[in-house]
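Novice: mind looking at a prediction? Sequence and model below.
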Amino acid sequence: MGNIVSKILSPLNKLKGFLSIFAHNFRGMIGLLIILMFTFMALGAPLLTPYHPIRDQWLSGAYSAPALLKQLPKALGGMPNSAENFAVTDNKDFSDGLTGWNYTLSTWKSNTTHPIAVSYDSDVGLNFSRKDAVAIPGGDGSAKITYLRDNGTSGYGSLSVAFYRKFTFPYAGTPRKWVVNINMLPTGTVSRSINYTVPIDFYNGTWADYNLTINYLTVPVKVYMYMQRLTDGRMFTIWPYSNYSARGMDFTKGSSDPGNQIPGIGTLKWDTKSLDQYWPPPNTPWVITDLMLCDSEIVRFPTTGLANATTADVVTQMFPEGLLPSDYLFGVNMTFVDPASSLKSKMPIETTVYLDNMWLTFQGRIWGILGTDQYGSDLWSQLVNGSLISLYVGLLSAVLSVGLGLIVGLSSGYMGKYVDEVLMRFSDMLLVVPTLPLLIVLIAVIGPGLENLILVIGLLGWMGFARLVRSQVLTLKERPFVEAARAVGAGKIHIMGKHILPNVMSLVYVSLATSVPGAIVAEAALSFLGFYDPSRMSWGRMLYEAQGSGGVRYWWWVIPPGLCIALLAIAFIMLGFALDEVFNPRLRMRR
C-alpha cells in the first residue's frame with residue numbers, strides 16, 4: 001500500500017517543485033499568460049463574437065472603421081461624424097395596414113371620383129421564394145393601388161400615383177452602401193382573342209389562321225422608385241424608369257398555348273417592343289428591385305440630373321455631409337397608361353397593383369471592435385477565430401516534428417553504424433533544402449487544406465531536433481546505468497524507452513515550446529502568399545486579404561493580426577527559455 005501511495009505522490013511532488021520554480025521565472029509567466037489569453041480567445045470564440053468570419057458578409061459597409069474611432073476627434077485620427085448602420089423597415093410588410101405610408105394622386109377632374117384608389121388589402125401578401133423565383137400570394141397584407149374605368153368610357157390618358165414614406169437619416173456622414181427592396185404584383189381582369197397567321201405545312205407553304213386568347217393587364221404600368229431630399233427638394237431616381245413589357249412565363253406546364261412557352265421563367269426581361277405586343281400574365285408576381293445594391297464597388301445606375309454618374313457620386317450627392325442629417329421621402333411612382341385611341345378604350349378597365357416588402361437599409365462606415373473587410377465581414381471575428389487556427393497549426397505541427405525528431409534521434413544515436421549514417425545523411429539533405437519554397441510547392445501539389453499544411457510543416461521541421469537528440473544520446477549510451485542494463489540482457493528498445501528517453505525529455509519539452517513559433521510563422525507566410533484553406537480564416541489570410549484589396553491603408557486591418565502573430569510567437573519562445581532554465585539548474589544559477 002505504501003508503494004502505491006509513493007508512486008502517486010512522487011510525480012505530484014515533482015510537479016509541485018517544478019511549478020514553484022517556474023512561478024518565479026518572470027519571462028515564463030509572461031509567456032504563459034499570453035498563451036492563455038490566446039487560448040481563451042480560441043476556445044471562447046462563440047462567446048466573444050456571434051458572427052462567422054467568412055460567411056457573414058455585409059454586416060456593415062466595406063472597409064468600415066472600428067466604433068472606437070467615432071469617439072475620437074479628427075485631430076487624433078477619429079471619425080466623429082461617420083454614419084452607422086440604419087434601416088427604414090417599419091411596417092415594411094404592411095402588417096399594420098398603411099401606417100407610416102402616404103400617397104399623392106395626379107390631378108383629376110373636379111367633382112369626379114378619381115380613377116386611382118389606394119387602400120390596404122389584408123388578404124394578399126407577397127412572399128417571394130428566391131429558390132425558384134416564384135411568388136406566392138399570402139402573408140400579412142399589402143398596399144393595393146387600383147386603376148378603374150367603367151365600360152363605354154374613353155381612355156383617361158396617363159395618370160400617376162406616388163406611394164411613399166418619410167424618414168430621417170440621423171447621421172452627419174455619408175453612408176458606405178444602401179439597399180432597397182420592393183415586391184410587386186400587377187393584376188388584370190380582361191382577355192382578348194387575336195388571330196395569328198401561322199404555317200401549317202412548312203414544306204408545302206400552306207398557311208392558316210390560328211386563334212389565340214391572351215390574358216393581359218388592361219393598361220400598362222410604368223414604374224420608377226425614387227428618393228427625395230426634403231432639405232432642398234432634390235429628387236433622385238433609384239430604380240430606372242421602365243415599362244412592364246416582360247414576356248410571359250410558363251406557369252402552365254404542358255400547355256399548347258404558344259403564349260405560355262416563351263423562355264424567361266422566373267425573371268424579368270424588359271422589352272423595347274410595343275406595349276400592345278407583350279403583356280405580363282395577370283396574377284403573376286414580379287420582383288422590381290429584389291435586393292438592389294447601391295454601392296460604389298458594385299453597380300451603376302442613371303439618376304435624375306446625374307446622367308452616367310457612378311454610384312459613389314450618387315451616394316455622395318444624395319447624402320452630402322454638408323446637408324446631413326436630413327429628411328427624405330422614399331417611394332415608388334406608378335403611371336397607368338390609358339390612351340383614348342387604344343383598342344381597349346371602350347372596354348371595362350380594372351388594373352390593380354399590390355406592393356409589399358418595401359424597405360430601405362443603409363450600411364455605414366463604423367462597425368464593431370475592429371471594423372470590416374472589403375466584403376463587410378467582421379474583422380474582430382476573423383481575429384478571434386485566427387487565434388484558434390494559429391494554435392491548432394502551431395501545436396500539432398510542433399508535436400509532429402518533435403515526435404519524428406525524437407524517434408530519429410534516439411534510433412540514430414543509440415543504434416549507430418548504418419542506421420546512423422542513413423538517417424543523418426537524409427536529415428542533412430532536408431536541412432539544405434530551402435524550407436519556404438519547398439512548402440509552397442508541396443501545398444500547391446497536395447492542396448491548401450489546413451491538415452495538409454500541418455502535415456507538411458511537421459514533416460519538414462524535425463531535422464534540427466533529431467540532431468540535438470542524437471548528440472545527447474551519444475553521451476547517454478556510454479553512461480554506467482546503460483551499460484548495467486545492457487549487461488543484464490536488456491534489449492535496445494527497452495534501454496531507449498526506459499533509460500535514455502527519460503533523460504532527454506527536458507529537451508522534448510523545450511523543443512515543443514520553441515517549435516511552435518516556427519509553425520505559426522510558416523502558416524502565416526503561406527496564407528499571406530495565398531496558400532490558405534478557403535474554408536477557414538487565419539491571421540495570415542487576413543493580411544493576404546488586406547494586401548489584395550487595398551486594405552493595407554487601414555491600420556485596424558493590418559496591425560492586429562501582425563501583432564498577434566508576433567505576440568504568440570514571442571510567448572512560446574519565452575516559455576521555451578523558461579523551461580530550459582527550470583530543467584537546467586546551471587543556466588538558472590548563471591542567469
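Specialist: Structure received. Numbering: from 1, shown residues only.
Novice: the nearest residue in space to residue 385 that is not next to it in sequence: neighbour count?
Specialist: Ranked by C-beta to C-beta, 6 or more residues apart in numbering and with sequence neighbours excluded, the top spatial neighbour of residue 385 is residue 53, at 4.6 Å. From N, CA and C alone the C-beta is placed, and that goes for glycine too. Residue 53 is flanked by 24 other residues according to other C-beta atoms under 10 Å.
Novice: check the one 4 residues further on too.
Specialist: Around residue 57 there are 15 other residues, counting by other C-beta under 10 Å.
Novice: what about residue 575, distance to residue 547?
Specialist: Per C-beta to C-beta, to the nearest Å, residue 575 is found 31 Å from residue 547.
Novice: got a pLDDT number for residue 508?
Specialist: The model reports residue 508 with a pLDDT of 89.
Novice: now residue 122
Specialist: At residue 122, pLDDT is 86.
Novice: quick one: contacts for it?
Specialist: Counting by C-beta atoms under 8 Å, 6 or more residues apart in numbering, residue 122 makes contact with 140-141.
Novice: so how far is the longest helix along the chain off the chain centroid?
Specialist: The residue-count maximum for a helix in the chain (DSSP state H) belongs to helix 379-415. Its chain's average C-alpha position is 30 Å from that of helix 379-415, according to C-alpha atoms, centre = their mean, to the nearest Å.
Novice: equivalent analysis for stretch 412-432, please.
Specialist: Worked out by C-alpha atoms, centre = their mean, stretch 412-432 lies 49 Å from the chain centre.
Novice: how about stretch 349-359?
Specialist: On C-alpha atoms, centre = their mean, the centre of stretch 349-359 falls 34 Å from the chain's centre.
Novice: mind checking the SS state of the residue lying closest to residue 68 once chain neighbours are set aside?
Specialist: With sequence-adjacent residues excluded and distances taken as C-beta to C-beta, 6+ apart, residue 68 is closest to residue 369, at 7.7 Å. Residue 369 falls in the coil class when you classify it by DSSP: H, G, I helix; E, B strand; the rest coil.
Novice: just residue 167 next, same as before
Specialist: Classification of residue 167 using three-state DSSP returns strand.
Novice: hmm, it is touching residue 88, no?
Specialist: Yes - at 4.6 Å, residue 167 and residue 88 qualify as touching, with contact defined as C-beta atoms under 8 Å.
Novice: which residues are in contact with each of these two?
Specialist: 330, 360.
Novice: what residues sit buried inside the longest helix of the chain?
Specialist: Buried positions in helix 379-415, judged by neighbour count with 16 or more other C-beta atoms under 10 Å: 379-402, 404-406, 408-414.
Novice: where does pLDDT dip in the stretch 101-250 of the chain?
Specialist: The stretch 101-250 of the chain contains residues with pLDDT under 70 at 127-139, 151-153, 188-218, 239-250.
Novice: hey, which strand is longest across the protein?
Specialist: Ranked by residue count and defined by DSSP state E, the top strand of the chain is strand 349-363.
Novice: okay, now the sheet partners of it, with direction.
Specialist: strand 86-88 (antiparallel), strand 142-149 (antiparallel), strand 177-187 (antiparallel) (DSSP bridges).
Novice: buried stuff in the second one?
Specialist: Along strand 142-149, these residues count as buried under the neighbour rule (16+ other C-beta under 10 Å): 142-149.
Novice: who are the contact partners of residue 420?
Specialist: 412-413, 470.
Novice: part of a helix, is residue 341?
Specialist: No - with three-state DSSP as the criterion, residue 341 is coil rather than part of a helix.
Novice: find the nearest non-adjacent residue to it, please.
Specialist: Residue nearest to residue 341 in three dimensions, not counting chain neighbours: residue 155, with 7.3 Å by C-beta to C-beta, 6+ apart.
Novice: same question for residue 504.
Specialist: Using C-beta to C-beta, 6+ apart, the closest residue to residue 504 is residue 472 (5.2 Å).
Novice: for the residue nearest to residue 365 when sequence neighbours are not counted, give me its contacts.
Specialist: Excluding the flanking residues, the one nearest residue 365 by C-beta to C-beta, 6+ apart is residue 82, at 4.4 Å. By C-beta under 8 Å, 6+ apart, the residues touching residue 82 are 65, 69-70, 171, 173, 364-366.
Novice: low pLDDT regions in the stretch 401-550 of the chain?
Specialist: Within the stretch 401-550 of the chain, no stretch has pLDDT under 70.
Novice: ranges for the strands of it?
Specialist: In the stretch 401-550 of the chain, no strands are found when defined by DSSP state E, counting those that start in this stretch.
Novice: how about the stretch 101-250 of the chain?
Specialist: Going by DSSP E, counting those that start in this stretch, the stretch 101-250 of the chain shows strands at 101-105, 116-121, 126-129, 134-137, 142-149, 157-169, 177-187, 190-201, 206-216, 221-229, 235-243.
Novice: show me what counts as buried in the longest one.
Specialist: Applying a neighbour-count criterion of 16+ other C-beta under 10 Å, the buried positions in strand 157-169 are 159, 161-165, 167, 169.
Novice: what angle sits between it and strand 221-229?
Specialist: Using axes from the mean of the first three to the mean of the last three C-alpha atoms, to 10 degrees, the direction of strand 157-169 lies 30 degrees away from that of strand 221-229.
Novice: and the first one, by the same measure?
Specialist: Compare the direction of strand 101-105 with that of strand 221-229 by the same axes, to 10 degrees and you get 120 degrees.
Novice: tilt between strand 101-105 and strand 116-121?
Specialist: 160 degrees.
Novice: residues touching residue 53, list them.
Specialist: By C-beta under 8 Å, 6+ apart, the contact set of residue 53 is 377-378, 381-382, 384-386, 537.
Novice: can you lay out the contacts of residue 420 as TSV showing distance to residue 99?
Specialist: Compiled in TSV, the contacts of residue 420 are given as follows (distance: C-beta to C-beta, whole Å):
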residue	distance to residue 99
412	83
413	84
470	82
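Novice: so which of these comes closest to residue 486?
Specialist: residue 413 (14.8 Å; C-beta to C-beta).
Novice: name the residues that touch stretch 166-178?
Specialist: 58, 60-64, 79, 81-84, 86, 88, 102, 230, 293-296, 315-316, 319-321, 324-330, 360-365, 376.
Novice: now list the buried members of those residues.
Specialist: Among the contacts of stretch 166-178, those buried by neighbour count (16+ other C-beta under 10 Å) are 58, 60-64, 79, 82-84, 86, 88, 294-296, 315, 319, 324, 326, 328-330, 360-365, 376.
Novice: sort out which of those residues are in helices and list them.
Specialist: Counted as lying in helices by DSSP H, out of the buried ones among the contacts of stretch 166-178, are residue 315.
Novice: show me the buried ones among the contacts of stretch 166-178 that map onto strands.
Specialist: Those of the buried ones among the contacts of stretch 166-178 lying in strands (DSSP E): 86, 88, 294-295, 326, 328-330, 360-363.
Novice: circling back to that earlier point, closest to residue 18 out of the strands paired with strand 349-363?
Specialist: Nearest to residue 18, of the strands paired with strand 349-363 and by C-beta to C-beta, is strand 177-187 at 56.3 Å.
Novice: that closest one: how far from the chain's middle?
Specialist: Mean-position distance between strand 177-187 and its chain equals 24 Å (C-alpha atoms, centre = their mean).
Novice: what of stretch 439-451?
Specialist: Computed by C-alpha atoms, centre = their mean, the chain-centroid distance of stretch 439-451 equals 24 Å.
Novice: before we move on, what about stretch 88-108?
Specialist: 33 Å.
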